[in-house]
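J.: Sequence and predicted structure below; questions after.
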Amino acid sequence: VYGNLVGLLTVLKSLPLAYNKDMQEDKEGMFDTVRTLQGALQLFAPMIATMKVNKDRMRQAVNQDFSNATDIADFLVGKGLPFRQAHEVIGKTVLYCIQQEKYLLDLTLEEFKQFSQLFDERIYDVLQPENVVNARNVYGGTARTQVEEAISRAESEQEQTAAWTVEYIERSR
């Protein structure tokens, strides 16, 4: 699908500005993509409909990685530390965790403070998965409100597309 997009963009590069009468090559990739997506969606939709989410395992997975490391930088920058220094603190902290076979939420406050005296008890709240997700409260972000708005927009677009499809089929008869 991505290859078809690149192919289409390559065919169309500069054509509409100069010569746009001979465009039969632009459709082949699009039709192939539609066929590919139809097959993928036929497999994907039932999978999503029947999947079971293991919340405990998901919680364990996000607690046992370093995906929340950038939130340390945000925390330290909020306390006035320049980002380049905060980045260095993160690197040293994560390296320490790996060497000690720990994760960020496993560290004591004293361990955090060996990398920066700016750490305080609030670091544990900052690193909680829910807070990490909700910290990205921008359009398209992971915050709960943003996800709810994205779902609402998608549902609205789906309804509009369904209405357009019905209208198109009726006009075509």
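T.: Structure's in. What do you need? These figures come from a predicted structure and were not determined experimentally.
J.: For stretch 59-75, buried residues please.
T.: 62-63, 68-69, 71-73, 75 (16 or more other C-beta atoms under 10 Å). Where C-beta positions appear, they are placed from N, C-alpha and C, glycine not excepted.
J.: Can you find the helix or strand in the protein with the smallest mean pLDDT?
T.: Taking mean pLDDT, DSSP states H and E as the measure, the chain has helix 15-18 as its least confident helix or strand, at a mean of 64.
J.: immediately after it, which helix or strand?
T.: helix 25-50 (DSSP states H and E).
J.: Max pairwise distance over the buried residues of stretch 59-75: which two?
T.: For the buried residues of stretch 59-75, with distances taken as C-beta to C-beta, the pair at the greatest spread is 63 and 73 (19.2 Å).
J.: thinking again about what came up before, with respect to residue 166, which of the buried residues of stretch 59-75 is nearest?
T.: residue 62 (42.2 Å).
J.: ok, then the element right after the helix or strand hosting the closest one?
T.: Using DSSP H and E, the element containing residue 62 is helix 55-63. Sequence order places helix 69-78 as the next helix or strand after helix 55-63, per DSSP H and E.
J.: May I have that following helix as CSV, with CA atoms only?
T.: The C-alpha trace of helix 69-78 is given here as CSV (Å, rounded to 0.1, in the frame of the first residue of the first chain):
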residue,chain,number,x,y,z
ALA,A,69,11.3,8.3,30.1
THR,A,70,10.5,11.4,28.0
ASP,A,71,8.1,12.4,30.8
ILE,A,72,11.2,12.7,33.0
ALA,A,73,12.5,15.4,30.6
ASP,A,74,9.2,17.2,30.7
PHE,A,75,9.3,17.1,34.5
LEU,A,76,12.8,18.4,34.7
VAL,A,77,12.3,21.1,32.1
GLY,A,78,9.3,22.2,34.1
